[in-house]
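> give me a model of this one.
(one chain, ligands or ions: 1)
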Amino acid sequence: MVMSEEKERGEKKARPDSTRRAVVAAAGALVVGGVVGYLLAPRERVVTETLTQTVTQTVTQPPQTVTVTQPQPAPVAKRYERVKLANIRDLVDKRPVFKQYMGYNVLLVKLGEPAVGGVGPRGDVVAFVNQCTHMGGPLVYLPDVNCAVCQIHFTQFDLARGGKQVTGHATEFLPQVELEYDAATGDIYAVGINQLVYGKYDNLA
Ligand code: FES
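Next up, the predicted model:
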């Protein structure tokens, strides 16, 4: 009798433990399941990306040949002009006059004696570029000797002999202006210069 009561109490004590374990086990299973479910659950991810691209392009073109045709200026014929310098009636023996011819200062004089290259009824009218052949100094006419003398180093040129240097530093004749004489009108024309002027490589340049 006593033993069956104790047994019955023992059973009553054992029942609550098994129930608690079952509850704890169930709760643990729920927690584990929740965690696993959370980890395994598919997720949505919204990714916003901004893509920036820099494109570098190298283009190689074949070399080109460009031909440009430009109109060429018409060649200018360089020549001496025929320019009237004076009339024979305007000239007085041994009294020079100064004229311009092709840009040069020219000494024109009637020498009163026949001269190399002279024109006019007596062949005594001559003209020379008024510039020394030594260093380009200006000249002064000397009527007594029909010469021109340089004002820089005093070279003297004989105007009756084609401008030949007589004394001084110059080694070249004085450039003589070539003249033409119109007997009908008495006009005297310059038509050229017989040699290079000092400082020029071309009298017409
Ligand atoms: S520049 Fe005429 S002689 Fe020297």
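> can you pull the contacts of residue 134?
Applying Cβ atoms under 8 Å, 6 or more residues apart in numbering, we find residue 134 in contact with 150, 152, 153, 155, 168, 169, 170, 171, 198. Any C-beta I mention is one placed from the backbone N, CA and C, and that applies to glycine too.
> among the residues you listed, which two are most distant?
The span of those, defined through Cβ to Cβ, is set by 152 and 171 at 14.9 Å.
> more crowded one of those two?
Neighbour totals were compared for residue 152 and residue 171, and residue 152 leads with 14 against 9 (other Cβ atoms under 10 Å).
> just give the nearest non-adjacent residue to the more buried one, would you?
Nearest residue to residue 152, sequence neighbours excluded (Cβ to Cβ, 6 or more residues apart in numbering): residue 137, at 3.2 Å.
> swap in residue 181?
residue 119 (3.8 Å).
> partner residues bridging that neighbour?
Beta-bridge partners for residue 119, by DSSP bridges, are residue 125.
> distance of it relative to residue 111?
Remark: distance between residue 119 and residue 111 (Cβ to Cβ, to the nearest Å) = 11 Å.
> what about the strands in this protein?
Assigned by DSSP state E, the chain shows strands spanning 83-87, 97-101, 104-110, 125-129, 139-142, 147-150, 156-158, 164-167, 177-181, 187-193.
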